[in-house]
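Asks: how would this look folded up:
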Amino acid sequence: MKKFIFIIILTLTTSFMFSRDHALDHLDPGIGKTIIDTHVHVAGLGYGDSGCFVNSEMHDNFRFPVYLWAMNVSEEELVKKGDQILITRLSESLSHSRSVKQAVILAMDGYVDTSGENAGKLNKTKTQVYVPNEYIAKETSRYDNLLFGASIHPGRKDALARLRKVKQQGAVLVKWIPSIMNIDPSNKQYKEFYELMAELKMPLLSHAGMEKSFSHAVDEYADPERLKYALELGVTVIAAHIATTGENEGQDNFSRIIPMLHKYPNLYADISSLTQINKLNYLSRALEDDVIKSKMIYGTDWPLQFFPLMSPWYHINHISISDAFHVGGIRNQWDRDVALKKALRVPDDVFKRSVIDLIK
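Replies: The predicted structure is shown next:
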């Protein structure tokens with residue numbers, strides 16, 4: 001407890017005393033405003049005809065108001081201005097970054113029943129967060145610094161048609177959180193969907209590892225080894241968070257994905273959320289492996305970059321006190337994330353690599 005209070009004091013002191021835009025100079029990756037953030041979430045309540053919704057379980061969860069605060073909106077503003085105000089403010093914040101040029105904004109398909117009379121249909125009761133493709137495709141087209149990340153449950157009856165459509169709309173990837181969407185990635189019934197993904201050169205960004213951002217999750221579906229079927233069918237897969245946290249079959253997920261990254265040339269991993277307090281030391285461990293470093297893609301997991309979820313002072317065993325002060329003094333959250341990962345010795349090549357490189 002004393003250590004945590006000390007970190008709180010240091011974080012607040014840093015923010016007030018060293019809040020300077022030029023603080024990034026010390027830890028700039030040196031590639032200018034070129035970075036693409038592959039992993040950015042949004043949500044909504046259906047205002048402005050967005051089609052978004054959050055079920056009552058998630059809406060009443062203690063996390064929900066925190067997420068709205070982190071996204072710099074209130075529920076009252078969504079009611080008055082529509083869910084679109086969130087994306088407008090996100091784009092504005094990103095425009096002030098000195099290092100991140102664009103961000104992939106992720107749609108989120110819901111919980112789809114895979115058996116019974118409702119198989120292939122969206123189950124709104126069990127869907128915790130829903131952000132439709134049409135909404136994200138439309139809103140991202142309005143901003144030069146936003147890219148469309150689609151989300152399609154492969155068990156939908158019209159999954160193949162949806163996949164073709166989002167490709168035409170300019171989607172750069174398909175996003176899954178299997179543990180809340182009722183997706184078993186190893187399900188052989190998804191063969192045609194995977195084959196079409198490979199044909200269309202549509203990467204799959206799939207959450208891997210334990211999920212704690214929602215009210216409940218089926219964590220075995222996020223076992224990285226369940227992604228092998230997609231990989232073997234030629235899909236380019238980006239395992240979010242390098243499968244950090246949680247375990248399956250008595251082995252931690254991070255250890256399970258390491259040999260996969262060595263084996264499959266079409267498997268990558270994003271480094272989003274790896275500076276959070278619940279994932280300490282994983283990034284430094286991953287950086288010890290040259291193969292994993294060559295597979296890393298930059299991402300933040302926005303908006304999950306706020307204190308006390310993350311602070312440069314949590315990483316004082318890997319970065320200098322001077323760097324902790326510098327990082328803590330950076331106002332823009334994208335620049336702060338880049339600077340912290342740079343201080344943790346993430347190579348410049350990782351910041352240069354993006355999902356766009358994977359779809360060429």
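Asks: what about the strands in the stretch 51-200 of the chain?
Replies: 53-54, 100-106, 129-130, 146-150, 173-176 (DSSP state E, counting those that start in this stretch).
Asks: How about the stretch 201-350 of the chain?
Replies: With DSSP E, counting those that start in this stretch as the criterion, the stretch 201-350 of the chain has strands spanning 204-207, 237-240, 247-248, 251-252, 267-270, 296-297.
Asks: wait, which of those is closest to Phe351?
Replies: Proximity to Phe351 (C-beta to C-beta) singles out strand 296-297 among the strands of the stretch 201-350 of the chain, at 9.5 Å. No exception for glycine: its C-beta is placed from N, CA and C like everyone else's.
Asks: which other residues reach that closest one?
Replies: Outside of strand 296-297, the residues within contact range by C-beta atoms under 8 Å, 6 or more residues apart in numbering are 38, 238, 242, 268-271, 286, 346, 350, 353-355.
Asks: And stretch 67-77, by the same measure?
Replies: 42-43, 45, 65, 85-86, 89-90, 93, 303-306.
Asks: Which of these are buried? Put it as a PyMOL command.
Replies: Buried subset of the contacts of stretch 67-77, written as a PyMOL selection, criterion 16 or more other C-beta atoms under 10 Å:
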select buried, resi 42+43+45+85+86+90+93+303+304+305
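Asks: how near is the residue lying farthest from the centre of the chain to Lys157?
Replies: Here the chain reaches farthest from its C-alpha mean at Glu117, the gap being 33.0 Å by C-alpha atoms, centre = their mean. For Glu117, the distance to Lys157 equals 13 Å [C-beta to C-beta, to the nearest Å].
Asks: With Trp302 instead?
Replies: From Trp302 to Lys157 the distance is 32 Å (C-beta to C-beta).
Asks: Please say which of the two ends up with more neighbours.
Replies: The residue with more neighbours, out of Trp302 and Lys157, is Trp302; 25 against 11, by other C-beta atoms under 10 Å.
Asks: quick one: the more buried one and Lys126, what's the gap?
Replies: Distance, Trp302 to Lys126, by C-beta to C-beta: 25 Å.
Asks: Same check on Ser354?
Replies: Distance from Ser354 to Lys126, by C-beta to C-beta: 33 Å.
Asks: Looking at those two, which has the bigger crowd around it?
Replies: Under the criterion of other C-beta under 10 Å, the comparison of Ser354 against Lys126 puts Ser354 first, with 22 against 16.
Asks: Okay, now the unreliable bits of the stretch 1-150 of the chain?
Replies: Along the stretch 1-150 of the chain, segments meeting pLDDT under 70 span 1-30.
Asks: which residue ranges form the helices in it?
Replies: 2-17, 56-59, 63-70, 75-81, 84-95, 133-140 (DSSP state H, counting those that start in this stretch).
Asks: quick one: the third one to helix 84-95, angle?
Replies: With axes from the mean of the first three to the mean of the last three C-alpha atoms, to 10 degrees applied, the angle from helix 63-70 to helix 84-95 works out at 50 degrees.
Asks: which residues does the residue nearest to Asp144 when sequence neighbours are not counted contact?
Replies: The shortest distance from Asp144 to any non-neighbouring residue, by C-beta to C-beta, 6 or more residues apart in numbering, is to Gln102 (7.8 Å). Counting by C-beta under 8 Å, 6+ apart, Gln102 touches 36-37, 94, 144-147.
Asks: Determine which two of these are furthest apart.
Replies: Asp37 and Asp144 (14.4 Å).
Asks: Comparing the two, which residue is more hemmed in?
Replies: More neighbours surround Asp37 than the other of Asp37 and Asp144, with 29 against 11 (other C-beta under 10 Å).
Asks: what are the bridge partners for that one, then?
Replies: Beta-bridge partners recorded for Asp37 (DSSP bridges): Ala103.
Asks: was I right about it contacting Ala103?
Replies: Yes: counting by C-beta atoms under 8 Å, Ala103 is a contact partner of Asp37 at 4.1 Å.
Asks: can you tell me how far Ile258 sits from Leu200?
Replies: With C-beta to C-beta as the criterion, Ile258 and Leu200 are 29 Å apart.
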